[in-house]
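Undergrad: what would the 3D arrangement of this be:
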Amino acid sequence: MKLNKTEVFAGISSFLATVYIVIVNPAILSQAGMPFNAVVTSTIIVAFFGSLMMGWYAKNPIIVAPGMGMNAFFTFTAVKHLGLTYPQALGAVFWAGVFFMLISFFNIRENVLRAIPKAIRHAVSAGIGLFICFVGLQNAHIIIDNPATLVGLNSLKDPNTITFFAGLFFTSILLIKKTTGAIIYGIIVTTILAIPIGRWWGDASAYNFGVSTVVNYSGLFSAPDFSLLFSLDILGSFKFAFLPVIFVFAFTDLFDGISTLVGLSEASGLKEENGEPKNMRKSLLTDAMSTLVAGVSGSSPGTAFIESAVGISQGGRTGQTAIVAAFLFLPL
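TA: Residues are numbered from 1 along each chain as shown. Predicted coordinates:
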């Protein structure tokens, strides 16, 4: 298979937009008692398998990885509130994946998708764009938590915010000049800028005037930790009392995957002649298989990532985009 330059740039862009999950997912799941490094390995396994299958089998430029929201439900509701052990919760993820596989084979998910009105499909597309903007503003510390109004504006003196505006300014110039790979270059330059900022200001201590670290260092290389592989409790989780947890995983992933596919297809024009998302059945089946693999490898359910819109905006239109991103996850 000959790689297209545009698809390679798009794959790198999508990878850089989604790679945060390799750290964020373990940070959340480790609070359920799971080893942090082992969850990193599991997250990479799910991201590699899901993205590779989405590119090779479904031929769509969409990244698949453990989804935000479901990891929080896994930790704070299934384990901490309901009292499941994490092997039982992983078993619930596995059975949710089995459920996905069954309804995918019987076209139930496709029928649900076809029932969504066009107006809502367009609204989902716009909502995805707004959500990505909101996540970006949160990561830049421009928007912060506010107990009175839920969200509030932060000080512009925050180093994260300063780094964000510097990167945004540089990326905007490249986009105006129609530079190929503008977003990639913007992310790289912003990261390079953040490294000395993190080293200069260190941690949020009195010595550092309470300024938070942008980048920290804990080493370059480490061996993968496969201790969570096959640690799920399949039989222990297949009980009537655990059905609510299984169905929450199942239906959350169901509608999350459907809305993402609809939104990305509307935004990119990747649709069949009848207006449905390109290779819908194969994409939904890939989503289901990723959740199955997540339960076996030791992670929360896998799902299609809305951040794939970044690579699509850079010209990604084929499965090569997802395949490039999949292999970029492996060295991590």
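Undergrad: quick one: buried residues of whichever helix in the chain runs longest?
TA: Of all the segments of type helix in the chain, defined by DSSP state H, the longest one is helix 243-268. Buried residues in helix 243-268, defined by neighbour count with 16 or more other Cβ atoms under 10 Å: 245-246, 248-250, 252-254, 256-268. C-beta: built from backbone N, CA, C; applies to glycine.
Undergrad: show me how far that helix is from its chain's centre.
TA: Here helix 243-268 is found 13 Å from its chain centre; the criterion is Cα atoms, centre = their mean, to the nearest Å.
Undergrad: quick check: mean pLDDT of it?
TA: Across helix 243-268, pLDDT averages out at 85.
Undergrad: which other helices and strands contact that helix?
TA: Packing partners of helix 243-268 (3 or more Cβ pairs under 8 Å, 6 or more residues apart in numbering; DSSP states H and E): helix 70-72, helix 86-105, helix 108-114, helix 118-139, helix 280-297, strand 302-304, helix 308-313.
Undergrad: report all helices and strands that the first one contacts.
TA: Yep, that's helix 70-72 we're talking about. Under the contact rule (3+ Cβ pairs under 8 Å, 6+ apart), helix 70-72 is packed against helix 21-29, helix 243-268.
Undergrad: list the buried residues for it?
TA: For helix 70-72, by 16+ other Cβ under 10 Å, it's 70, 71.
Undergrad: off-centre distance for that helix?
TA: Here helix 70-72 is found 11 Å from its chain centre; the criterion is Cα atoms, centre = their mean.
Undergrad: who touches it?
TA: Residues outside helix 70-72 that contact it (Cβ atoms under 8 Å, 6 or more residues apart in numbering): 24, 25, 28, 29, 249, 252, 253, 256, 299, 300, 301, 303.
Undergrad: need the helices and strands packed on helix 243-268 in CSV with mean pLDDT and distance to residue 42, can you?
TA: Listed next are the helices and strands packed on helix 243-268 as CSV, based on pLDDT from 0 to 100; distance: least, Cβ to Cβ, whole Å:
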stretch, mean pLDDT, distance to residue 42
helix 70-72, 87, 11
helix 86-105, 91, 9
helix 108-114, 72, 25
helix 118-139, 75, 23
helix 280-297, 92, 4
strand 302-304, 93, 10
helix 308-313, 90, 21
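Undergrad: got CSV for the ones you listed, with distance to residue 46 too?
TA: Converted to CSV, the helices and strands packed on helix 243-268 look like this (distance: least, Cβ to Cβ, whole Å):
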stretch, distance to residue 46
helix 70-72, 11
helix 86-105, 10
helix 108-114, 19
helix 118-139, 20
helix 280-297, 5
strand 302-304, 5
helix 308-313, 15
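Undergrad: list the helices and strands the strand or helix carrying residue 46 packs on?
TA: Residue 46 is part of helix 36-56, with elements assigned from DSSP states H and E. Applying 3+ Cβ pairs under 8 Å, 6+ apart, we find helix 36-56 packed against helix 21-29, strand 64-66, helix 280-297, strand 302-304, helix 319-329.
Undergrad: what about 10 Å?
TA: Packing partners of helix 36-56 (3 or more Cβ pairs under 10 Å, 6 or more residues apart in numbering; DSSP states H and E): helix 5-18, helix 21-29, strand 64-66, helix 280-297, strand 302-304, helix 319-329.
Undergrad: tell me how far that helix lies from the chain's centre.
TA: Distance of helix 36-56 from its chain centroid, counting by Cα atoms, centre = their mean, is 11 Å.
Undergrad: can I get it as PDB, trimmed to CA atoms?
TA: Provided in PDB are the C-alpha atoms of helix 36-56 (Å, rounded to 0.1, in the frame of the first residue of the first chain):
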ATOM      1  CA  PHE A  36      -0.900   3.200  36.200                       C
ATOM      2  CA  ASN A  37       1.700   1.800  33.900                       C
ATOM      3  CA  ALA A  38      -0.400  -1.300  33.100                       C
ATOM      4  CA  VAL A  39      -3.300   1.000  32.100                       C
ATOM      5  CA  VAL A  40      -1.000   2.900  29.800                       C
ATOM      6  CA  THR A  41      -0.100  -0.300  28.000                       C
ATOM      7  CA  SER A  42      -3.800  -1.300  27.800                       C
ATOM      8  CA  THR A  43      -4.800   2.100  26.500                       C
ATOM      9  CA  ILE A  44      -2.100   1.800  23.700                       C
ATOM     10  CA  ILE A  45      -3.300  -1.700  22.800                       C
ATOM     11  CA  VAL A  46      -6.900  -0.500  22.400                       C
ATOM     12  CA  ALA A  47      -5.900   2.600  20.500                       C
ATOM     13  CA  PHE A  48      -3.600   0.600  18.200                       C
ATOM     14  CA  PHE A  49      -6.100  -2.200  17.500                       C
ATOM     15  CA  GLY A  50      -9.100   0.100  17.100                       C
ATOM     16  CA  SER A  51      -7.500   2.600  14.900                       C
ATOM     17  CA  LEU A  52      -5.800  -0.100  12.800                       C
ATOM     18  CA  MET A  53      -9.100  -1.900  12.300                       C
ATOM     19  CA  MET A  54     -10.900   1.400  11.500                       C
ATOM     20  CA  GLY A  55      -8.300   2.200   8.800                       C
ATOM     21  CA  TRP A  56      -7.800  -1.300   7.300                       C
END
